[in-house]
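*Asks:* With the sequence up front, the predicted model follows.
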Amino acid sequence: MTRSITTGLADGPADDSALSYRDICAFLYREARLLDDRKFDEWLECYSPDAEYWMPAWTDDDALSTDPQSEISLIYYANRKGLEDRVYRLNTERSSASTPEARTSHFIANVEVLEVREGALDLRYNWHTLSHRYQKTQQFFGTTFLTLDTSGDAPTILKKTIILKDDYIHQVIDVYHV
């Protein structure tokens, strides 16, 4: 099934195979909700098997690292297998850094469609996450660049690059924080 994006503005008649702006936002909100609800196995279903998940680090020169293979990253998984391993450790309590579990609440805003290609969309959005653990609330915020595969029956994430704006971290940061 081929999908295109419609915004509901001057795009003409709606196409049954189109992925609307509302559908895009619903997908992003669902991914965030699954993290907040700690439904990590369902969260993994949002990702393509080839999905790259990357949070580059800021350099001393206030620039982002550009190559996860040769420079430091805050989080990097080359494909979904790395995310699956992380979820396994979270689900089996083999992650001492995540015990006790943090309670999180994600907020997503300013969702923009940057590019539409055959079978894919490039998106950008801002996010803010509150995380409560050890009787203390932390906050994280940033911008995400995401490539969404729209060629199948359900959209999946092909690439996610997370820019953490508040990079002075007082604790371990994990996938459920961003």
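*Replies:* That came in fine, so what should we check first? Residues are numbered from 1 along each chain as shown.

*Asks:* Closest to the centroid, which residue in the protein?
*Replies:* Lys160 (5.6 Å; Cα atoms, centre = their mean).

*Asks:* Report the contact partners of it.
*Replies:* By Cβ atoms under 8 Å, 6 or more residues apart in numbering, Lys160 lies in contact with 51-54, 144-147. C-betas here are computed from N, CA, C, even on glycine.

*Asks:* Can you give me the neighbour number for Leu130?
*Replies:* Leu130 has 17 neighbours, counted by other Cβ atoms under 10 Å.

*Asks:* and what of Ser105?
*Replies:* Ser105 has 15 nearby residues by other Cβ under 10 Å.

*Asks:* and if you look at the one 4 residues further on?
*Replies:* For Ala109, the neighbour count with other Cβ under 10 Å is 8.

*Asks:* which is the next helix or strand following the longest helix anywhere in the chain?
*Replies:* When the chain is parsed with DSSP state H, its longest helix is helix 21-36. Going down the chain from helix 21-36, the next helix or strand is helix 40-44, by DSSP states H and E.

*Asks:* residues touching Leu158, list them.
*Replies:* 48, 50-52, 120, 147-149.

*Asks:* how many neighbours does the nearest residue to Thr156 once chain neighbours are set aside have?
*Replies:* In this structure, Thr156 finds its nearest non-sequential neighbour in Ser48, 4.3 Å apart by Cβ to Cβ, 6 or more residues apart in numbering. Using other Cβ under 10 Å, Ser48 has 18 neighbouring residues.

*Asks:* quick one: contacts of the strand or helix carrying Ser48?
*Replies:* If you go by DSSP H and E, Ser48 is part of strand 47-56. Residues from elsewhere that reach strand 47-56 (Cβ under 8 Å, 6+ apart): 64-66, 68, 71, 73-83, 149, 156-164, 173, 175, 178.
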